[in-house]
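>>> Make a model of this:
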Amino acid sequence: MKRHIHNARDLILPMIDFFYPPFRRLMNLQTFRYAASGGANTLFGFFIYFISFKYILGEKELHFGFYAFKAHIAALFIAFCINFPIGFFMSKYVVFSDSKMKGRIQLFRYFMICMFNLVLNYILLKIFVERFHIYAVFAQILTTSIVIVFSYLAQRHFSFKAGTAEEETTG
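Numbering: from 1, shown residues only. Have a look, this model is predicted:
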């Protein structure tokens, strides 16, 4: 499994790093990798959201018998379920590979931040769609833009904090 992970990393990194030189003066390599991999995952998430909202759900509520999710919220959860593992892989192995923290701790912290982001996304999406009547796909783009800034800072300084191995294995 580790060999497949490193093969994927060895394939992805040169593609991302190839586009770095024009951005060298604007940001460091790690920030660029975060922007590139996070941007690609975000675009993929928008695609999943759109397909889920428009075609899978047909812009209709998703009924579970005891509760019904509005289509824009159900699409958010569908996109999250696909984006979460991809985002963790990209963060752990492509962007923040300098972290010495144990993988299970990284995963737990990443999950915690993603849950916070999901709740924030949910609240903002409900406000933008149901209160301000912004079309769901555009509201999701706006909401994601707001969440991205918090997410980078939290992932960099919490989930994948770079430091000594002793600091990071104790907590």
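
>>> and M112, helix, strand or coil?
Using DSSP: H, G, I helix; E, B strand; the rest coil, the secondary structure recorded for M112 is helix.

>>> gap between it and V119?
11 Å (C-beta to C-beta, to the nearest Å). C-betas here are computed from N, CA, C, even on glycine.

>>> Which one of those two is surrounded by more residues?
Shown here are M112 and V119; by other C-beta atoms under 10 Å, M112 has more neighbours (13 against 10).

>>> Report the contact partners of that one.
Each residue near M112 by C-beta atoms under 8 Å, 6 or more residues apart in numbering is listed here: S159.

>>> residues touching the residue nearest the centre of the chain, list them.
In the chain, the centroid-proximal residue (C-alpha atoms, centre = their mean) is G87; its distance is 4.9 Å. Residues counted as contacts of G87 (C-beta under 8 Å, 6+ apart) are 38, 41, 110, 114.

>>> could you redo the last one with a cut-off of 6 Å?
Contacts for G87 (C-beta atoms under 6 Å, 6 or more residues apart in numbering) come out as N41.

>>> downstream neighbour of the helix or strand hosting N121 in the secondary structure list?
Element membership for N121 (DSSP states H and E) is helix 103-126. As assigned by DSSP H and E, the chain's next helix or strand after helix 103-126 is helix 136-154.

>>> which secondary structure elements does that next one contact?
Here helix 136-154 touches helix 29-51, helix 103-126, going by 3 or more C-beta pairs under 6 Å, 6 or more residues apart in numbering; DSSP states H and E.

>>> can I get those helices in TSV with mean pLDDT?
What follows is the helices and strands packed on helix 136-154, written out as TSV (pLDDT from 0 to 100):
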stretch	mean pLDDT
helix 29-51	92
helix 103-126	91
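
>>> Okay, buried residues for the helix holding N121 please.
105-106, 109-110, 113-114, 117, 121-122, 124-126 (16 or more other C-beta atoms under 10 Å).
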